[in-house]
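*Asks:* build the 3D model from these lines:
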Amino acid sequence: MSDAAPLIQAAINSAPSNTVVVIPQGRWRIDSRISISQNKDFVTLRGSGAGTVLDCRTSTCVYVGSGSDYGWAWPTSGNLVTAYAPDNLTGGTKLTIANTSAFSVNQLVNHRVANDTSLPVLSVAGFNNLRRQMTRVVAKTATSLTVFPPIYGHERFVKLGATVNVAQMQTDFAGIEDLVLDGTNGKVSYAVWFEQTYASWIKNVTVTRASNYSVFVMSSLNCELRHSRLDELNHSGPNGAGLLMNTVSGCLIEDNIILESFPNIEINNGSSGNVVAYNFINNKSGLIGIDTNHGPHNSFNLYEGNVSHNLMSDGYYGSNSDDTVYRNLLHGNGIAASGTPTYCLSLKRFARNFSLVGNIFGSARHAARCDGYGLPNIGNGNWTGTAQPTAGDYWNDWRPDIGTMIRGTLIGRTDDFHGTVRLSSGTMFRGQSPALWPVTGPTMFSWVTVVSVTGNVVAVDSSPWQVKLPPLNTLLRIEPGSGGFQELDLDVEATTLKKANNFIPTGIPPGESLVGTILPPSLYLAAKPVWFGQLAWPPFNPYVPNLSYEAIPAGYRYTYGVAPPGASTPQTPSGLRVVR
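*Replies:* Below is the predicted model:
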């Protein structure tokens, strides 16, 4: 079987706008990346159904978009946001900046906000500007940009520094449809990778046996993943996810089956304003199903109608806020081999202002509630002491007025990667992996591993990262990393709104009942969607709990292999020219 990638790539390269490039049924060997590149707009790559299989043998099988602005550094000046105002004409937000000459209408924009220590918005490694949003220029003047979608929560950012940077290249309205990507015969880090895309989509695609990530979406706006199946990875360890989202906004992840990956869905790096809805998620090992926050600070995301063994805000690298979890079945039955139920909800440290409404948590296999709040990082169910910033009780490692409380001086340097630090404040422990920063300054020196601690002298090793230590006698601000912040975070539950959730087996707590209040069927759909067919709508009612996985179409397809009775599939965008 010869490599079909050059033939497919040539068809894409020659395709004009409003074109569908069709791959016939068959098994097609792919030895090099297939790309729908920057500014290659209104092009769809479509298979002929399940019989079209791309035998992927390259690190990235299908790539859409551009990585030209990976660092989001343009423009370098004149882009500080000094005012926000709603724009009634577009429904967007008008941003006042000094100079808009670098921006054009229809370009993607990355809006980044300085960390708000009062929430807190924080990184365990000390990074700033964690809150991000992808949006798009829809109008401009010499000193203002109007962007849509509007800036989520902009009224909170007035007193915080914020900047906007623009994508110099992007891909708009590109789609991948109706095919299978099989990574069995190769080391496929990314089966599908979208980057710097607008209004692009993946529909009715099956991915199986990717090495790391079935679908990776980053720095994109208004994308869609629907009616697809992301099947098991070729390993069960870390550095793998069914769907990985980094700095993604306004996207719809709907009606998919996502199986046997860790985690099944992982949200990172300021992803905001997304809807993750009506997906069937299963991981028989009991590992994370939906991870709302691995890389901080994600916010204003909606999780609705999903069937999953669990949902976690993992807190490993930092904070997460303002997410809504609505009418899901989080059943906690993830460990199939032993029949032992697992947790169904875990909001770890730094999670703030979550809304949990109308969900079903647990199953008949649970003898007690399976939700938890405020534990330290992922994989750690123990804590030492407590922290509650709203009551003035801060972590040993951090307080809002100064940030990290660990300071020291590099007093020894055996070679570029090994040395000793004398602490002047704070503590560290063997095995910890902190980050070394200048006391003031925007650039981190290096990550290190703590080799030993003798009194206030700490031996460190940066060789795992192959980054050199700073010079001798450098004054250091030391961020504790994931191993810090080990107190129980009491503000997680204190800031979580819980209403009308049925905690199996104990039911809806009396103080959380909404007697007389009717919950809307959906927070984003105006009516029952056609792909639900004859299934009940809404699928989950906490007052009459339905514990069936088949209550949503994706769960029905997983169980029976066919769509539910009466269901119809949303149509592909019309007006496209087909080229074979």
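*Asks:* can we go C-alpha only for contacts and neighbour counts from here?
*Replies:* Fine.
*Asks:* Pro75 against Ala167, yeah?
*Replies:* No: taking contacts as CA atoms under 8 Å, Pro75 lies outside contact range of Ala167: 9.7 Å.
*Asks:* tell me which of those two has more neighbours.
*Replies:* More crowded of Pro75 and Ala167, by other CA atoms under 10 Å: Ala167, with 25 against 18.
*Asks:* now do the same contact list for that one.
*Replies:* By CA atoms under 8 Å, 6 or more residues apart in numbering, the contact set of Ala167 is Ser68, Asp69, Trp72, Trp74, Gln107, Leu108, Val109, Asn110, Gln196.
*Asks:* which residue is the nearest non-sequential neighbour of the fourth one?
*Replies:* Counting by CA to CA, 6 or more residues apart in numbering, Trp74 lies nearest to Asn165, which is 5.4 Å off, once chain neighbours are set aside.
*Asks:* quick check: bridge partners of the one you found?
*Replies:* Asn110 (DSSP bridges).
*Asks:* tell me the contacts of it?
*Replies:* Asn165 touches Trp72, Ala73, Trp74, Pro75, Asn79, Val109, Asn110, His111, counting by CA under 8 Å, 6+ apart.
*Asks:* if I pick the fourth one, what's in contact with it?
*Replies:* Right, Pro75. Ala102, Asn165, Val166.
*Asks:* quick one: which of those is nearest Thr143?
*Replies:* Comparing the contacts of Pro75 against Thr143 with CA to CA places Ala102 closest, at 11.3 Å.
*Asks:* model confidence at the residue lying closest to that closest one once chain neighbours are set aside, what's the number?
*Replies:* Of all residues not flanking Ala102 in the chain, Pro75 sits nearest, at 6.3 Å (CA to CA, 6+ apart). On pLDDT, Pro75 comes in at 97.
*Asks:* can you pull out the low-pLDDT segments for the protein?
*Replies:* Counting by pLDDT under 70, the ranges of the chain that qualify are 236-238, 335-339, 570-580.
*Asks:* which element follows the longest helix along the chain toward the C-terminus?
*Replies:* The residue-count maximum for a helix in the chain (DSSP state H) belongs to helix 5-14. Where DSSP states H and E defines the elements, the next helix or strand beyond helix 5-14 is strand 19-22.
*Asks:* show me the beta-bridge partners of the spatially most central residue of the chain.
*Replies:* The centre of the chain sits closest to Ile267, judged by CA atoms, centre = their mean, with a distance of 1.3 Å. Beta-bridge partners for Ile267, by DSSP bridges, are Met245.
*Asks:* surely it is in contact with Gly289?
*Replies:* No: checked against CA under 8 Å, the pair Ile267 and Gly289 is beyond contact range at 11.4 Å.
*Asks:* ok, now how distant is Gly305 from Ile360?
*Replies:* Distance of Gly305 to Ile360, given as CA to CA, to the nearest Å: 10 Å.
*Asks:* touching both of these two, which residues are there?
*Replies:* Counting by CA under 8 Å, 6+ apart, the residues touching both Gly305 and Ile360 are Arg327, Asn328, Leu329, Phe540.
*Asks:* between the residues you listed, which has the most around it?
*Replies:* Ranked by the number of neighbours (other CA under 10 Å), these place Leu329 first, at 33 neighbours.
*Asks:* residues contacting it?
*Replies:* Residues in contact with Leu329 (CA under 8 Å, 6+ apart) are Gly305, Asn306, Val307, Ser308, Asn359, Ile360, Phe361, Gly362, Phe540, Leu547.
*Asks:* ok, of the residues you listed, which one's closest to Lys348?
*Replies:* Distance to Lys348 across those (CA to CA) is lowest for Phe361, with 16.8 Å.
*Asks:* need the contact list for the closest one.
*Replies:* By CA under 8 Å, 6+ apart, the residues touching Phe361 are 329-332, 344-345, 369-371, 501-504.
*Asks:* same deal with Ile8?
*Replies:* Ile23, Ile34 are the contacts of Ile8 under CA under 8 Å, 6+ apart.
*Asks:* quick one: it from Ile34, how far?
*Replies:* Separation of Ile8 from Ile34 (CA to CA): 7 Å.
*Asks:* was I right about Val192 contacting Thr58?
*Replies:* No: using CA under 8 Å, Val192 makes no contact with Thr58, being 11.4 Å away.
*Asks:* who has more neighbours out of these two?
*Replies:* Val192 (24 against 20).
*Asks:* reformat the contacts of Pro75 as JSON lines; add distance to Gly381.
*Replies:* Converted to JSON lines, these look like this (distance: CA to CA, whole Å):
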{"residue": "Ala102", "distance to Gly381": "49"}
{"residue": "Asn165", "distance to Gly381": "40"}
{"residue": "Val166", "distance to Gly381": "41"}
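*Asks:* closest to Glu155 out of those?
*Replies:* Proximity to Glu155 was ranked across those by CA to CA; first place goes to Asn165, at 19.9 Å.
*Asks:* since that was my last question, I'll sign off now.
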